[in-house]
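**Q** when you get a sec, could you give me coordinates for this:
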Amino acid sequence: MPEVKCGAAEKVKPSASPGAEKASDIAGNISYHAQYTPHFSPLAFGPEEAFYATAESVRDHLIQRWNETYVHFHKTDPKQTYYLSMEYLQGRALTNAVGNLGITGAYADAVKKFGYELEALAGKEKDAALGNGGLGRLASCFLDSMATLNLPAWGYGLRYRYGLFKQHISKEGQQEFAEDWLDKFSPWEIVRHDVVFPVRFFGHVEILPNGSRKWVGGEVLNALAYDVPIPGYKTKNAISLRLWEAKATAEDFNLFQFNDGQYESAAQLHARAQQICAVLYPGDATEEGKLLRLKQQFFLCSASLQDMIARFKERKPDRASGKWSEFPTKVAVQLNDTHPTLAIPELMRLLMDVEGLGWDEAWDITYRTVSYTNHTVLPEALEKWSQIVMRKLLPRHMEIIEEIDKRFRELVISSHKAMEGKIDSMKVLDSSNPEKPVVRMANLCVVSSHAVNGVAELHSNILKQELFADYVSIWPSKFQNKTNGITPRRWLRFCNPELSEIVTKWLKSDQWTSNLDLLTGLRKFADDEKLHAEWAAAKLASKKRLAKHVLDVTGVTIDPNSLFDIQIKRIHEYKRQLLNILGAVYRYKKLKEMSAEEKQKVTPRTVMIGGKAFATYTNAKRIVKLVNDVGAVVNNDPDVNKYLKVVFIPNYNVSVAEVLIPGSELSQHISTAGMEASGTSNMKFSLNGCVIIGTLDGANVEIREEVGEDNFFLFGAKADQIAGLRKDRENGLFKPDPRFEEAKQLIRSGAFGSYDYEPLLDSLEGNSGFGRGDYFLVGYDFPSYIDAQTRVDEAYEDKKKWIKMSILNTAGSGKFSSDRTIAQYAKEIWDIKATPVP
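**A** The predicted structure is shown next:
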């Protein structure tokens, strides 16, 4: 019978060739996937169907490498790092995968045989909705670097079906809708039906006749593994991001109840399982919300640790019966912030209650295995869980935490007498409010980890001198700094091809892609007119691409010849998008007061702000609304819209960042000094030749040192002044700048609509009180911010000077590669070595 050709097969004969590197073979493999691993009707082969078939063809390469890497690690049995994170902000995978595998050109030629452009197909991919902000994007950059450096390391996370949310902007402001990235399926993940672990909640603790303890009863769900292969750049290694999904079994479905019409109660456990991996950071204002968040955290920790132990045993058969002392020499667990803290009591429980170890041996293993990265000094972000909720959900873990706390207090009293008065602030369990006793997760991490690190020099110093100062006197060598970094593959090589080619041309090598320090070689060309011309052309191409994106998603036309000024990050009062928009309001007011002749001398500017406000964070949502209201007036005002546009970029994610960052010329990183742990978007902007206006906060401090003080617009109070300035404010000593008052007054006058902004502006008024007294010092920093913006305008008018500043920003970005960060973690915290597949 003749073969029926349809869809893709009409254009290219299907032929399975999983490792194909020639365009014709790749095209055959794509056609094979369209026909024999179908997800759509046989005649359909539009752009979407073509994307999925292409992705599955690329996945063949990844699976081959993943399998070889897994077997190699299995045979050589190296010490392996496991990175636990509640979120990963992966972005799209197609461009990155073919780029890292070195087969971009071949795939571009292959898809042309079907009449498609690779870039257009890549645009059909939905961003994986597994993360929210910098924490998740950092974790994803780290995975890329781990694979590129051939390190034995894996990531563990949860497979969220609906992500955080998809942001829509309407006249009312921000609206949240569920992410739809899994409405069809993700072509990158591989479900592992043999990797399933039970995870228990609730229940009680039984004491056995031999005195040992066992957690029983309650409800048990299954954790099912999905692997997302992560390829290294120009290496054979591919590691894993293993994501867990919560499942109930057929046995948990009550057929009798269902047939009796009790449909909901018949599938109760199935519904609870679905809740666990439904949403990232579910609202926790209710008791149910708090319980669900704690369930998510424990689910991640328990499944991941059971998997690590299984792999530890799998690699050497004699470990099944003991040899636990080897565990810390073969396993390193990194906690990305406090969300995975429950890994500590869970590892203790598994070692004691399941494997039969005594407390001292289990504690020694846990302490040597676990390390903790702190990402914040904000009190509300340092998690504290109700002891009552913890005891109800995890009764055995609560016992273990109580014992850890008791032994820590005994250690302080017996060995560090001078610290005895500090025990109340250092202990893990805080019962100072008997109505609401809590477990302090950060304290539990510090007490139980062999290493604790901050993520920028300034942040790590604040941890040592303020937040964790008392612990430093007990364990002086425990605390380290690991300045964050970004992967140069995604954040320059692939997202900014024009600039990337120029860098390669002038450095006469593309080695910088995996050795970012080589960028310093651009410094000697910083005044070269030829480089200036090429650099300006590349920037203009990126700006035009960005202008098209803005038109597509907002309907606003922006001028690529204006200064593109961008702030994209989570909306939070400490990140001070409010300072930015107040500055734009002041600029608008000044423009309205100018004569036509005066306006001619103005530097035209397009201010873009993007980011998601957490669904229950009212003031952040008011800021989003204000930006949109200001934009609606400014952009439609014929007197000024040639000189100023204000645009809110909706639904900010990795793919949007990949368009915005290359097209940016000025980027705002303007948090209150001492409040941003590091920031990583600042590094991405700098790497792409964007100049930063910012405070001395987080990694800004180090960026300014690397790119040169003259190539960074500095303003604002310093971290060591903040406490004193707040005190002055409380004492009524603050005198606002008239320009600050003018900007607020214009908003109050109704110039931007009738919405009541009083509650938002009220946070800037008064000297003290909840939600008042300008805690984030917007008013104090406003005059120096406006002055810095005037310096920006002046510098931008001198095109030669500006392009030189841009080149020197790229040239000074070498330090901020995540390859450098991960190499430091590997050597100084994890003690793991490169294990390349031969």
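**Q** quick one, what contacts the residue nearest to L444 when sequence neighbours are not counted?
**A** Once flanking residues are discounted, L444 sits nearest to V428: 4.8 Å by Cβ to Cβ, 6 or more residues apart in numbering. For the C-beta atoms, the positions are set from N, CA and C on the backbone; glycine is no exception. Each residue near V428 by Cβ atoms under 8 Å, 6 or more residues apart in numbering is listed here: I401, I404, D405, F408, V439, R440, N443, L444, V447.
**Q** ok, now with 6 Å
**A** V428 makes contact with D405, R440, N443, L444, according to Cβ atoms under 6 Å, 6 or more residues apart in numbering.
**Q** in a helix, the third one, correct?
**A** Think N443. Yes: using DSSP: H, G, I helix; E, B strand; the rest coil, the assignment for N443 is a helix.
**Q** rewinding a little: how about the contacts of V428, which pair is most distant?
**A** For those, the farthest-apart pair by Cβ to Cβ is D405 and R440; their separation is 9.5 Å.
**Q** phi, psi for the residue nearest to L444 please.
**A** Dihedral pair for V428: phi -80, psi -40, per degrees, to the nearest 10.
**Q** repeat that for S768.
**A** phi -160, psi 180.
**Q** please name the nearest non-neighbouring residue to it.
**A** Using Cβ to Cβ, 6+ apart and skipping the chain neighbours, the partner closest in space to S768 is E730 (4.9 Å).
**Q** surely the one you found touches G766?
**A** No: the criterion here is Cβ atoms under 6 Å, and E730 misses it with G766 at 10.0 Å.
**Q** overlap in contacts of these two?
**A** Counting by Cβ under 6 Å, 6+ apart, E730 and G766 have no shared contacts at all.
**Q** average pLDDT for stretch 84-95?
**A** Average pLDDT, stretch 84-95: 97.
**Q** wait, I meant stretch 695-714
**A** Stretch 695-714 comes out at a mean pLDDT of 97.
**Q** how about it as PDB, C-alpha atoms only?
**A** The C-alpha trace of stretch 695-714 is given here as PDB (Å, rounded to 0.1, in the frame of the first residue of the first chain):
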ATOM      1  CA  THR A 695      21.800  54.100  43.600                       C
ATOM      2  CA  LEU A 696      24.700  52.400  45.400                       C
ATOM      3  CA  ASP A 697      22.700  49.300  46.000                       C
ATOM      4  CA  GLY A 698      23.200  45.600  45.400                       C
ATOM      5  CA  ALA A 699      25.400  44.700  42.400                       C
ATOM      6  CA  ASN A 700      25.200  48.400  41.200                       C
ATOM      7  CA  VAL A 701      28.100  49.000  43.500                       C
ATOM      8  CA  GLU A 702      30.300  46.400  41.700                       C
ATOM      9  CA  ILE A 703      29.000  47.300  38.200                       C
ATOM     10  CA  ARG A 704      30.000  50.900  38.700                       C
ATOM     11  CA  GLU A 705      33.500  49.800  39.800                       C
ATOM     12  CA  GLU A 706      33.900  47.500  36.800                       C
ATOM     13  CA  VAL A 707      32.500  49.900  34.100                       C
ATOM     14  CA  GLY A 708      34.000  53.000  35.500                       C
ATOM     15  CA  GLU A 709      32.400  55.800  37.600                       C
ATOM     16  CA  ASP A 710      32.100  58.100  34.600                       C
ATOM     17  CA  ASN A 711      29.900  55.500  32.800                       C
ATOM     18  CA  PHE A 712      27.300  55.200  35.500                       C
ATOM     19  CA  PHE A 713      24.800  57.900  36.600                       C
ATOM     20  CA  LEU A 714      24.900  57.800  40.400                       C
END
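**Q** show residues contacting that stretch.
**A** Contacts of stretch 695-714 (Cβ under 6 Å, 6+ apart): 456-458, 669-671, 673, 676-679, 682, 686, 692-694, 716, 718, 788, 791-792, 805, 808-809, 812, 815.
**Q** show me just the buried residues among those.
**A** Neighbour counting with 16 or more other Cβ atoms under 10 Å marks 456-458, 669-671, 673, 676-679, 682, 686, 692-694, 716, 788, 792, 805, 808-809, 812, 815 as buried within the contacts of stretch 695-714.
**Q** only C-alpha atoms, please: export stretch 320-331 in PDB.
**A** This file holds the C-alpha atoms of stretch 320-331, laid out as PDB (Å, rounded to 0.1, in the frame of the first residue of the first chain):
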ATOM      1  CA  ALA A 320      21.900   0.500  50.300                       C
ATOM      2  CA  SER A 321      22.900  -1.100  53.600                       C
ATOM      3  CA  GLY A 322      24.900   1.800  55.000                       C
ATOM      4  CA  LYS A 323      28.000   3.900  54.200                       C
ATOM      5  CA  TRP A 324      26.100   7.100  55.100                       C
ATOM      6  CA  SER A 325      29.200   8.900  56.100                       C
ATOM      7  CA  GLU A 326      29.900   9.100  52.400                       C
ATOM      8  CA  PHE A 327      26.700  11.100  51.700                       C
ATOM      9  CA  PRO A 328      28.100  14.600  52.200                       C
ATOM     10  CA  THR A 329      31.100  13.700  50.000                       C
ATOM     11  CA  LYS A 330      28.700  12.800  47.200                       C
ATOM     12  CA  VAL A 331      25.800  15.200  47.600                       C
END
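**Q** for it, what is the average pLDDT?
**A** On average, stretch 320-331 scores 89.
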